[in-house]
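Asks: Here you go, sequence then predicted model.
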Amino acid sequence: MTAMLRLLASLAAAGVVVPTTAAASEPQRAAPADTAALEFGGFRAGARLDEIDALVRRREGNLRCDRARADRRVTECRGRFLDSDSGEAVTLWISAIDSVAGIITLRAETPGDRLDRWRDGIVARYGKVGARAQGTQWMMQWVRRGRMLRLTWREERGGRVASVSLVDGRVLDGWGRDRARTKLVSRDSLPNQRADSL
């Protein structure tokens, strides 16, 4: 199981990572865009992979996706594109369920004022929140309607590295419920199978 798939499983199992609403009780295969959608640089969790691929290509980048072996509904993607302001490379990771992005992470070294620009842009759009430290890493987090945007940064090998993670709890919750249902059905069918074999 890959690290991204383990992350998806733990997020889905935790249930408290991203709060959900009663309106999100049914899984959504393609979450519609809305004004409360948390996004960063045009990327938003809940977007379809073809939309994200088009965005990456417009920024002179590429995206390569593979289906997970453990769960064929899960697609894991990696890519790179050029930051529109600095022209420097940004690394992109995506975990999607049924071609809908549940988790998107953008990561880049932050020379100069890039971290300030990232942070200031997010704060201007979604409001100021307190920064929290965990060891050498700092984090700021915003939550809206079952979605989360998290900015983290730390010193690494003499430079500063920043990442933005976008999570759509509705996509992950739908996947988690489907997985739980599948396990329940499999477990329930075992006694019947044994009885039939007697």
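Replies: Now that the structure is in, tell me what you want to look at. Note that the coordinates shown come from a computational prediction; the quantities given were computed from them, not determined experimentally. Numbers count the residues shown, from 1 in each chain.
Asks: quick one: low-confidence parts of the chain?
Replies: Judged by pLDDT under 70, the chain has its weakly predicted residues at 1-36, 111-112, 175-198.
Asks: any idea where the helices of it begin and end?
Replies: 3-14, 49-58, 114-126, 169-197 (DSSP state H).
Asks: Specify the beta-bridge partners of the closest residue to Cys65 other than its chain neighbours.
Replies: Leaving aside its chain neighbours, Cys65 sits nearest to Cys77 (4.0 Å; criterion: CB to CB, 6 or more residues apart in numbering). For glycine as for every other residue, the C-beta is placed from the backbone atoms N, C-alpha and C. With DSSP bridges as the criterion, Cys77 is bridged to Cys65, Ile94.
Asks: how many other residues sit next to Cys77?
Replies: 20 (other CB atoms under 10 Å).
Asks: now swap in the one 4 residues further on and tell me
Replies: Phe81 is flanked by 21 other residues according to other CB under 10 Å.
Asks: Next: the one 3 residues further on.
Replies: Number of residues near Ser84 (other CB under 10 Å) recorded here: 12.
Asks: just Glu60 next, same as before
Replies: Glu60 has 12 neighbours, counted by other CB under 10 Å.
Asks: Against Ala96, how distant is the closest residue to it other than its chain neighbours?
Replies: Among residues not flanking Glu60 along the chain, Leu82 sits closest, at 5.1 Å (CB to CB, 6+ apart). Going from Leu82 to Ala96 by CB to CB, to the nearest Å gives 23 Å.
Asks: quick one, which of these two is more surrounded?
Replies: Between Leu82 and Ala96, counted using other CB under 10 Å, Ala96 has the larger neighbour count: 26 against 14.
Asks: Show the contacting residues for the more buried one.
Replies: Applying CB atoms under 8 Å, 6 or more residues apart in numbering, we find Ala96 in contact with Leu49, Cys65, Val74, Thr75, Glu76, Cys77, Gly102, Val171.
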